[in-house]
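Trainee: build the 3D model from these lines:
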Amino acid sequence: MKKFGKLAALAMAATLLATSFAGCGDDSGTTSGSTGGNKSGDYDFYIFNTKGENADALDAAVAAYEEETGLTIKTFSLGSGTNSDDTLRAEMSSKNPPAIFCTMNTNSLVEWEEGGFARPIEEAVTDDFKTLATEIPDNLKLISGTSGESFGLPFNVEGYGYIVDKNMLSDLFGADKLDAVLEDLKAATYDEFAATVEALTAYIKDNKASEVTLNGNKYALAATKTGLATNLEGVFSMAGSEKWTYGDHLINIAIDAVFPSSYDAAAATKEDVEKLKGPFLAYAKTLDLKSSNAIGTRGPGFINSTTNGYDASVENFATGKAVFLKQGNWIYTNFANTSNPDVVEDLTFIPIKMPFTDADVVADGLTVEKMNTSIPVFVPNYYLINAKVSEEEQKMAEDFLVWLNTSEAGQKFVTEDMAFIPYNADPATTQIDNSLGNSIIEYMADDAMITNAYAGAPNTWSGDVVGLYIMENKLTKAEWTEEDYEDIANYAVDQWLEMANLS
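Mentor: Now for the predicted structure:
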């Protein structure tokens, strides 16, 4: 087992998954309840929240729980997009540490488990909490890569893919073809999708209306641009300056071809990692397709954070300047800050397609077709109980999490205020007031899901290493060749091996 000091040092250098789910944020902390000095007088227990996007909603839930129970609870949340690692470490080492804290995945759990802070489910104080935790589906549990024990409760489940506005599809292909086009986009092969992207670019740039084939069925683009189609400037809206969007989430699709979970990726051998070469070539070709058919032109300006950052990509999509935006359901509330907030009424996901071969897809239960018709669905964060606070605080913390995840009032905050998909939702019956969330639920109901295996890669590998390399060396180039694909694939494999001490 690695020494704790080395793990802490590595983690301090990491930009963890929480930053991947936020595109624009501030650095300010927020608190609810009392911010006072000791548990015996100022508050009963303390929640440290690492997901700034739900800070206000969590504060509202805590306030309702305080009114219901008479307890006083301290909460602390950093602004969305802010790395909370160092702040959490300081709080965990303070005189009054949080009873509930948060972590993202197996890799980030290691520090807290080895430090004696993360309490396994089996050590739960109350039967209700233990029952709730043990009923988490196996594929959503946070399992230690060293002890094999289970920890914590999921915040929710999230998913991502290519977001598309149904109204845009209606303007492109005709309202009477909308349902058929949408279903065939979901089922289309990579080659069909890539040909459609090229046809759409010709339509946008040259007003050339042609016929496309999706899932074996032919559809004609409207002869004349009308409605939203008149605004189009590119097929994709892409934040070239946000390396996590292609360094984390897009490359995850390729990693899923080899590893069925983040736990498997974290335990990879040299031979396992070398199996990623083919999938990474497919990833590179997909990124070329996306970035060469996006708003703007690849070059120095493409990675400019002022003109081609997160906010700009959301605004461009919301105003109909692009057909697709690769993002997740967490972005739903960001549309409220655009000049067209009503776009959220009719959004849905289609899967991210990659040109995999049968030899590329070696994860159990997956095929090329399954991968190209599914979206990643996973738990982004977990609530953990701090083993180093008193048993009384642990009990109060458990009671709150049971209330949040089982009571009608608690679930209302989760689904409405936080706009989350509950991890324990029944996809056959659950509907929420969120078009993107409901789209993910449909994929869950159809079992059209893959996972987030990239979370098991070495810390910082995906975004700060591979993503940065691509941003600086490839997205600044107008044209890519087969050599560029090889460069990306080899670099990704070599860096994983080196960072995991497998080379």
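Trainee: so where's the protein shaky on pLDDT?
Mentor: When residues are selected by pLDDT under 70, those of the chain lie in 1-41, 79-83.
Trainee: quick check: residue 401 touching residue 130?
Mentor: No: counting by C-beta atoms under 8 Å, residue 130 is not a contact partner of residue 401; they are 11.6 Å apart. All C-beta spots, glycine's among them, are computed from the backbone N, C-alpha and C.
Trainee: between these two, which has more neighbouring residues?
Mentor: Legend: neighbour count by other C-beta atoms under 10 Å for residue 401 and residue 130, higher for residue 401 (21 against 15).
Trainee: if I pick that one, what's in contact with it?
Mentor: Counting by C-beta atoms under 8 Å, 6 or more residues apart in numbering, residue 401 touches 100, 129, 132, 153, 383.
Trainee: what's the nearest residue to the fourth one if we skip its chain neighbours?
Mentor: Once its chain neighbours are removed from consideration, residue 153 has its nearest residue in residue 383; the separation is 4.9 Å (C-beta to C-beta, 6 or more residues apart in numbering).
Trainee: which helix or strand contains the one you found?
Mentor: Assigned by DSSP states H and E, residue 383 belongs to strand 382-385.
Trainee: neighbouring contacts of that strand?
Mentor: Residues contacting strand 382-385 (C-beta under 8 Å, 6+ apart): 99-104, 112, 117-119, 124, 142, 151-155, 394, 397-398, 401.
Trainee: same question for stretch 200-220.
Mentor: Counting by C-beta under 8 Å, 6+ apart, stretch 200-220 makes contact with 172-173, 177, 180-181, 183-185, 187-189, 192-193, 195-196, 199, 221-225, 232-235, 293, 323, all of which sit outside it.
Trainee: may I see the buried residues of that stretch?
Mentor: Of the residues in stretch 200-220, 200-201, 203-204, 212-215, 219 count as buried by neighbour count, 16 or more other C-beta atoms under 10 Å.
Trainee: could you dump it to CSV, C-alpha only?
Mentor: C-alpha atoms of stretch 200-220 as CSV (Å, rounded to 0.1, in the frame of the first residue of the first chain):
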residue,chain,number,x,y,z
LEU,A,200,-24.6,19.5,-41.9
THR,A,201,-21.4,21.5,-42.3
ALA,A,202,-22.0,21.8,-46.0
TYR,A,203,-25.6,22.9,-45.3
ILE,A,204,-24.4,25.5,-42.8
LYS,A,205,-21.4,26.9,-44.8
ASP,A,206,-22.5,26.4,-48.4
ASN,A,207,-26.3,26.2,-48.2
LYS,A,208,-26.1,22.7,-49.7
ALA,A,209,-29.1,20.6,-48.7
SER,A,210,-28.6,16.9,-49.1
GLU,A,211,-29.9,13.6,-47.9
VAL,A,212,-28.4,11.8,-44.9
THR,A,213,-28.7,8.2,-43.7
LEU,A,214,-29.3,7.4,-40.0
ASN,A,215,-29.8,3.8,-38.8
GLY,A,216,-30.3,2.8,-42.4
ASN,A,217,-33.1,5.3,-43.0
LYS,A,218,-32.8,8.3,-45.3
TYR,A,219,-33.7,11.9,-44.4
ALA,A,220,-33.5,15.1,-46.5
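Trainee: hang on, the earlier thing: among the contacts of stretch 200-220, name the ones in strands.
Mentor: In strands, defined here by DSSP state E, the members of the contacts of stretch 200-220 are 234-235, 323.
Trainee: tell me which residues form a beta bridge with the residue nearest to residue 153?
Mentor: Beta bridges link residue 383 to residue 102, residue 153, judged by DSSP bridges.
Trainee: what are the contacting residues of stretch 477-486?
Mentor: With C-beta under 8 Å, 6+ apart as the test, stretch 477-486 has contacts from 281, 284-285, 288, 292, 297-299, 474.
Trainee: mind giving me the ChimeraX select for the residues you listed, buried ones only?
Mentor: Buried residues among the contacts of stretch 477-486 (16+ other C-beta under 10 Å), as a ChimeraX selection:
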select :281,284,285,288,292,298,474
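Trainee: could the contacts of stretch 477-486 be laid out in a markdown table, adding secondary structure and distance to residue 73?
Mentor: Formatted as a markdown table, those follow (DSSP: H, G, I helix; E, B strand; the rest coil; distance: C-beta to C-beta, whole Å):
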| residue | secondary structure | distance to residue 73 |
| --- | --- | --- |
| 281 | helix | 50 |
| 284 | helix | 48 |
| 285 | helix | 50 |
| 288 | helix | 50 |
| 292 | helix | 51 |
| 297 | coil | 51 |
| 298 | coil | 49 |
| 299 | coil | 51 |
| 474 | coil | 48 |
